[in-house]
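Q: Quick one, fold the following:
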Amino acid sequence: MIPRHIHQALTQVRELRSRVIASSRFTGYSGIARISGGGLALCASLLLTAGGNPSAVWVHVATWGAVCCLSVAINYGALLRWGLQGADLSKAGEKLSPAADLLPSLFVGGLLTGAFLLHGTHDLLFGMWMCVFGVTNLVSRRILPDGIALVGVYYIVAGTVCLLHPNASFTNPWPMGLVFFIGEVSGGAILHRNRDRKEPI
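A: From the prediction side, this is the model:
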């Protein structure tokens, strides 16, 4: 049987560890904003389908580009609002610095998108986007709730299937719409559930 004082010490160590982990979590991302991004992806699929699923690649590029821009604006707008709330401007940059770690992955995704379109390999875009997004989730796994790593794996698996599928088509919007809807709703729910209730959502 463990002596009482040792049991108390172990309990204090566990509590201290939990506090350290909690203090290292980045709570700037809005779960609601992320869920809205998934909703935009699903709406884009519905819009393209309602429009007769046009065969012109540029229509799909423009639609998904608009979804990307709107999602970035919503998510980073919420992030910026969080970063500026209750902090002076000199510390806002430090507070938001974890979000900057994702920029290289997003830049590479944009670079690959341009290259794929330039070389006419647009049918691989969905798979590439999913894999890049999966990597960004995995990169953040140490500062975000544990479930985010599973979301990252989900995106990479889905992206791999799209990349290797012999009949993958960029003009079929549903793989993109469904994968990102499920992934973003799941990721947003994880963030919303784990976020400090004192923070704005």
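Q: What about the closest residue to Cys131 other than its chain neighbours, how many residues nearby?
A: Leaving out its chain neighbours, the residue that sits closest to Cys131 by CB to CB, 6 or more residues apart in numbering is Gly159, at 3.6 Å. C-beta: built from backbone N, CA, C; applies to glycine. By other CB atoms under 10 Å, the residues close to Gly159 number 23.
Q: so how far is Trp64 from Gly159?
A: Relative to Trp64, Gly159 is positioned 15 Å away (CB to CB, to the nearest Å).
Q: repeat for Pro104
A: Remark: distance between Pro104 and Trp64 (CB to CB) = 21 Å.
Q: Tell me who's in contact with His165.
A: With CB atoms under 8 Å, 6 or more residues apart in numbering as the criterion, no residue contacts His165.
Q: Give me the pLDDT value at it.
A: For His165, the model assigns a pLDDT of 96.
Q: Please shift the residue numbers so they start at 68 in all later answers.
A: Let's use 68 as the start, then, which means that last one is His232.
Q: Let's verify the residue lying closest to Leu169 once chain neighbours are set aside: helix, strand, or coil?
A: Spatial nearest neighbour of Leu169, excluding adjacent residues (CB to CB, 6+ apart): Thr203 at 5.0 Å. Three-state call for Thr203 (DSSP: H, G, I helix; E, B strand; the rest coil): helix.
Q: Verify the contact between Asn142 and Tyr96 for me.
A: Yes - counting by CB atoms under 8 Å, Asn142 does reach Tyr96; the two are 7.1 Å apart.
Q: more crowded one of the two?
A: Tyr96 (23 against 20).
Q: Return the distance of the residue nearest to the spatial centre of the chain relative to Cys110.
A: In the chain, the centroid-proximal residue (CA atoms, centre = their mean) is Asn204; its distance is 5.8 Å. In this view, Asn204 and Cys110 are 22 Å apart by CB to CB.
Q: Any stretches of this structure with poor pLDDT?
A: 68-91, 153-162, 262-268 (pLDDT under 70).
Q: Could you rerun that using 90?
A: 68-97, 118-122, 143, 145-173, 206-211, 213, 259-268 (pLDDT under 90).
Q: At which residues are the helices of it located?
A: Remark: helices assigned in the chain by DSSP state H are 71-91, 98-117, 124-151, 156-167, 170-185, 192-206, 214-231, 241-261.
Q: Appreciated, that's everything.
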